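Engineer: Show me the folded form of this:
(one chain, ligands or ions: 1)
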Amino acid sequence: MMVAERKVADEVEGFRVTKKMKVNVKELKPKKAVLKIEDTNPYFVNSLRRIMLADLPKLAVDDVVIYDNTSALFDEIISHRLGLVPIPTDLSLLTFRNECVCKGKGCPNCTVRYTLSKEGEGTVYSGDLQPEEKTWAIKEDKIPILNLYNDQRLILEVEAVLGRGREHSKWQAVQAPGYIMDISIEFDKKNVGDVKKFVDKLPKDLGVEIKGDKILMKDDKKLPVLEYHLDKEKTGLITIKKDPTKLTFSFETDGSLSAKDAIAESAKFLQEKYAEFGKLLKNLK
Ligand SMILES: [Zn+2]
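Structural biologist: Now for the predicted structure:
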């Protein structure tokens with residue numbers, strides 16, 4: 001487990017105190033991460049979440065030249081499907097086309113080219129896109145694009161460029177980023193009998209149990225189900241306390257960026273934005 005710390009300043013009841021943010025990696029897979037972030041607040045984590053959705057760059061197919069298509073599908077449908085193929089993105093090697101030295105013409109600094117040539121009978125997969133350079137080979141190579149029957153042919157060339165989720169969802173590398181706060185479900189011990197009756201009526205798969213004057217849940221993500229049953233019973237016996245300083249943040253990527261790169265690049269983007277804002281503020285008179 002990795003623990004990273006960062007100093008943050010908070011105003012608490014008029015006193016300026018310095019806390020250390022803690023990040024605990026609960027799960028880190030190539031395409032998925034779950035992080036426990038402590039001594040933070042929802043505003044900070046939500047900024048990261050929104051950057052992941054709207055600003056984190058990734059490669060996607062943006063231009064398709066079809067030389068031959070005798071398949072049953074229109075060129076437009078094939079192009080749309082190619083646009084959604086996750087293209088492995090090394091952000092250290094690429095720049096945006098409109099910021100590139102080639103002035104938007106397309107060069108190896110801003111454009112990755114693939115060719116595809118296949119004849120039926122068989123399925124065309126994402127892995128049939130052949131890159132100019134091996135480093136850009138499609139990793140998610142088993143995504144079916146279309147079926148070719150006898151004598152049908154598909155020959156095309158594509159260009160993939162960097163873009164951001166705010167322009168088009170094909171440039172959105174991260175899916176379902178979200179956070180939940182730590183919860184504590186408490187009740188007055190003198191009501192333990194009534195609470196037990198309520199808990200006994202709950203669905204077993206909710207994984208709820210009583211321990212002392214607290215209710216424990218196997219999976220905190222199922223809290224809305226418990227809240228639904230509390231509402232239905234109109235019982236005021238139980239209090240749910242949420243801690244906005246302790247958050248579990250989870251997200252997945254489509255494979256174009258690793259989960260580790262996705263969060264690191266998003267944090268870098270946020271840092272750059274704050275630095276830019278700070279510079280602009282210095283010019284205020
Ligand atoms: Zn270029």
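Engineer: Strands of the stretch 151-285 of the chain, residue ranges please.
Structural biologist: 153-163, 174-187, 208-211, 214-217, 238-253 (DSSP state E, counting those that start in this stretch).
Engineer: quick one, which of those is nearest to the ion?
Structural biologist: When the strands of the stretch 151-285 of the chain are compared by CB to the ion, strand 153-163 sits nearest the ion, at 8.9 Å. For glycine as for every other residue, the C-beta is placed from the backbone atoms N, C-alpha and C.
Engineer: The closest one pairs with which strands?
Structural biologist: Strand 153-163 pairs in its sheet with strand 58-69 (antiparallel), strand 111-119 (antiparallel), by DSSP bridges.
Engineer: need those in TSV with distance to K196, mean neighbour count and mean pLDDT, can you?
Structural biologist: Output for those, formatted as TSV (distance: least, CB to CB, whole Å; neighbours: other CB atoms under 10 Å; pLDDT from 0 to 100):
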stretch	distance to K196	mean neighbour count	mean pLDDT
strand 58-69	51	18	98
strand 111-119	61	19	97
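Engineer: got those as CSV, with distance to L202 columns?
Structural biologist: CSV is the format used below for those (distance: least, CB to CB, whole Å):
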stretch, distance to L202
strand 58-69, 42
strand 111-119, 52
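Engineer: out of those, nearest to the ion?
Structural biologist: strand 111-119 (6.1 Å).
Engineer: Figure out how far the closest one is from the centre of its chain.
Structural biologist: 28 Å (CA atoms, centre = their mean, to the nearest Å).
Engineer: got it, and stretch 206-223?
Structural biologist: 27 Å.
Engineer: ditto for stretch 143-160
Structural biologist: 29 Å.
Engineer: contacts for it?
Structural biologist: Contact partners of stretch 143-160, identified using CB atoms under 8 Å, 6 or more residues apart in numbering, comprise 59-73, 78, 81-82, 85, 87, 106, 111-126, 128-129.
Engineer: got it, and stretch 90-102?
Structural biologist: Residues contacting stretch 90-102 (CB under 8 Å, 6+ apart): 57, 59, 104, 106-107, 109-112, 135, 161-163, 257, 261, 265.
Engineer: So which bits of this protein are right by the ion?
Structural biologist: 100, 102, 107, 109-110 (CB under 5 Å from the ion).
Engineer: Drop anything exposed from those.
Structural biologist: By neighbour count, with 16 or more other CB atoms under 10 Å, the residues of the chain next to the ion hold 100, 110 as buried.
Engineer: residue boundaries of the helices in the chain?
Structural biologist: Along the chain, counting by DSSP state H, helices occupy 42-54, 75-83, 192-201, 223-233, 259-282.
Engineer: Rebuild the ones you listed as a markdown table, extending it with distance to E27 and mean neighbour count.
Structural biologist: Shown next, in a markdown table, are the helices of the chain (distance: least, CB to CB, whole Å; neighbours: other CB atoms under 10 Å):
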| stretch | distance to E27 | mean neighbour count |
| --- | --- | --- |
| helix 42-54 | 17 | 17 |
| helix 75-83 | 30 | 17 |
| helix 192-201 | 29 | 14 |
| helix 223-233 | 20 | 13 |
| helix 259-282 | 9 | 14 |
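Engineer: Including distance to D213, could those go into TSV?
Structural biologist: Shown next, in TSV, are those (distance: least, CB to CB, whole Å):
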stretch	distance to D213
helix 42-54	27
helix 75-83	55
helix 192-201	8
helix 223-233	16
helix 259-282	37
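Engineer: For the ones you listed, could you give me CSV that also reports mean pLDDT and distance to K22?
Structural biologist: Shown next, in CSV, are the helices of the chain (pLDDT from 0 to 100; distance: least, CB to CB, whole Å):
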stretch, mean pLDDT, distance to K22
helix 42-54, 96, 13
helix 75-83, 97, 40
helix 192-201, 90, 33
helix 223-233, 88, 23
helix 259-282, 94, 15
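Engineer: Thanks a lot, catch you later.
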